[in-house]
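A predicted structure for the sequence below; I have some questions about it.
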Amino acid sequence: MGNRFSDQMEKIIRGAGRPMGFGQNAAAIKPRLFIMAEATVIDEGAGLPGIDAVLVPGPCNCKSEKSGVLRGCAIGGETEHSGCEFVVVSLDGAVGADLGEDTARLLRIEAGLTDAQLRAIGGLEPVAVIAEAGLGESLTFHDLLVVQRLTDFCGKPLILRLPKLYSKVELQSLSDRGITGVIVDPAVVNTTALRETVDSLEAKKRGKDKSSAILHCPPAATPSAEEEPEIETDEDE
C-alpha cells in the first residue's frame, strides 16, 4: 500500500498466523478492530493505552520519534503539516495538498451522503474513511442499518466514530457490519476498557453480513393442451 498507516492497519485487521522457524512458539495474532483516539496534544495522545493511532485537530508538527502508535492530524482547509503518518480531510478539504507517498490521506464523511456519492468515494485517493453515523447512547437496529449501508457502499475501510463505550454485544454487532475500526474521544471512552472489549470480540466471519435470501417460488404450472372446440353438426345436412 506504500505507507505505514495502511500497512499497520492491514496487519491489525487481518491478524497474523503463527510464525515459522525460531518464532513458532509465539501465539498467533487474531484479527481485531483498529482503534483510533482523538487528542489535543499528539504526544499525550500517543501515550493512551490500547490504541493504534492518535488524531489531533488542526495541522501539527510531529517532531518526536515515531512509536508504535500512528500519528495524524486533521488539516481541514490547510495544506501544511510535518511528520504525520496520516492526515484527515473533509469532503470540502483541499485536493491539491502534496502529502507525499509516506503520508496516508483519510476522508471524513457523514451518513447523509447519497448511495451514489458513497459509491463514488471508492474511486477517490483516501485509503480509508472516518464516518459519523449519528449513533446514540444505546445502539438500535436502525443504527445497524445506517452502518451497514456505509460499509456496503463506500468501498473503503471504514473507521466508525463511537459516542461512548458500547457493550460487547453492541460492539460485536458493529464489527459484524464490516467496519474496520473505531475512533473515540478518550475523555468520554476509557481506551483500556475499549481495547479489552475489542480483544474479546469474535473475528468477523467472511460473508457473515451478506445474507443470502432463499426465495421459494411455486412450481410453474404445466401448460395444458387447449381443447379444440367441438364442431356441432347440422342435423338438417
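Good, I have the coordinates. Residues are numbered from 1 along each chain as shown.

from here on, contacts and neighbour counts on C-alpha atoms
Noted.

remind me, longest helix of the chain?
helix 141-154 (DSSP state H).

elements contacting whichever strand or helix holds Glu196?
If you go by DSSP states H and E, Glu196 is part of helix 191-199. If contacts are counted by 3 or more C-alpha pairs under 8 Å, 6 or more residues apart in numbering; DSSP states H and E, helix 191-199 sits against helix 168-176.

could you redo the last one with a cut-off of 10 Å?
Helices and strands touching helix 191-199, by 3 or more C-alpha pairs under 10 Å, 6 or more residues apart in numbering; DSSP states H and E, are strand 34-38, helix 168-176, strand 181-184.

do you know which of these lies nearest Asp7?
Within the helices and strands packed on helix 191-199, the stretch nearest Asp7 is strand 34-38; the backing value is 12.1 Å (C-alpha to C-alpha).

Nearest to the middle of the chain, which residue? Look it up for me.
Leu158 (2.1 Å; C-alpha atoms, centre = their mean).

What about Pro126, how many residues nearby?
Neighbour count of Pro126, defined by other C-alpha atoms under 10 Å: 18.

same check, this time on the one 3 residues further on
Applying the criterion other C-alpha under 10 Å, we find 25 residues in the vicinity of Val129.

Looks like it contacts Leu160 (just checking).
Yes: under the criterion of C-alpha atoms under 10 Å, Val129 lies in contact with Leu160, with a separation of 8.4 Å.

so what sits against both of these two?
Contact criterion C-alpha atoms under 10 Å, 6 or more residues apart in numbering; residues shared by Val129 and Leu160: 109, 180.

quick check: angle from the lengthiest strand in the chain to helix 141-154?
Looking across the chain with DSSP state E, the single longest strand is strand 104-110. Angle, strand 104-110 to helix 141-154, by axes from the mean of the first three to the mean of the last three C-alpha atoms, to 10 degrees: 140 degrees.

So which bits of strand 104-110 are buried?
Buried residues in strand 104-110, counted by 16 or more other C-alpha atoms under 10 Å: 104-109.

and what of stretch 194-202?
Across stretch 194-202, burial judged by 16+ other C-alpha under 10 Å covers 194-195, 197-198, 201.

What is the distance between it and the centre of its chain?
Distance of stretch 194-202 from its chain centroid, counting by C-alpha atoms, centre = their mean, to the nearest Å, is 16 Å.

Other residues contacting that stretch?
With contacts defined as C-alpha under 10 Å, 6+ apart, stretch 194-202 is touched by 30-35, 49-52, 164-169, 171-173, 175-176, 181-182, 184, 186, 191-193.
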